[in-house]
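>>> need a 3D model of the following:
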Amino acid sequence: MPKAVWNGAVLAESDETVIVEGNHYFPAQSLSREYFKDSEAHTTCHWKGVADYYDIEVDGKTNQSAAWFYPEPSEAAAEIKDYVAFWRGVRIES
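Predicted structure coming up:
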């Protein structure tokens, strides 16, 4: 089962990930919420829409804007609504 790992902590784990552009998107309910803090960061993808971010905090270390999601994705990206993806050193393990 795929899991997202950073700084020794399992951030999310699910066998229901969706892969888009090589990124595993995890269902929001699979997140270990204690590691996630809202971020001020936002970006825009030309086909998915506006992304919001989370900072990840584990054992006193912060990985800024290391998780992203689309609260209102475009119709073309509807399959990733309520899903979260990772980058910046977060490993996806099987």
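>>> who are the contact partners of Leu11?
Leu11 makes contacts with 3-5, 31-32, 35-36, 56, 67, 86, 90, as judged by Cβ atoms under 8 Å, 6 or more residues apart in numbering. C-betas here are computed from N, CA, C, even on glycine.
>>> Lys61 - how many residues pack around it?
By the measure other Cβ atoms under 10 Å, the count of residues near Lys61 is 11.
>>> check Phe86 too.
Residues near Phe86, counting by other Cβ under 10 Å, number 23.
>>> what is the neighbour count of Glu16?
Look at Glu16: counted by other Cβ under 10 Å, it has 12 neighbours.
>>> next: the one 5 residues further on.
Other residues lying near Glu21 total 9 when counted by other Cβ under 10 Å.
>>> over to Phe69?
19.
>>> in strands only, show me the contacts of Leu11.
3-5, 36, 56, 67, 86 (DSSP state E).
>>> what residues are up against Arg91?
Taking Cβ under 8 Å, 6+ apart as the test, what Arg91 contacts is 4-6.
>>> which of these lies closest to Thr17?
Closest approach to Thr17 among the contacts of Arg91 (Cβ to Cβ): Ala4, at 9.2 Å.
>>> pull out the buried residues from stretch 74-93.
77, 80, 83-86, 90, 92 (16 or more other Cβ atoms under 10 Å).
>>> what of stretch 55-65?
Using 16+ other Cβ under 10 Å as the test for burial, stretch 55-65 gives 55-58, 63, 65.
>>> below-threshold pLDDT in the chain: ranges please.
Along the chain, the model assigns pLDDT under 70 to no residue.
>>> mind listing the helices for it?
Using DSSP state H, no helices are assigned anywhere in the chain.
>>> thanks again, I'm all set now.
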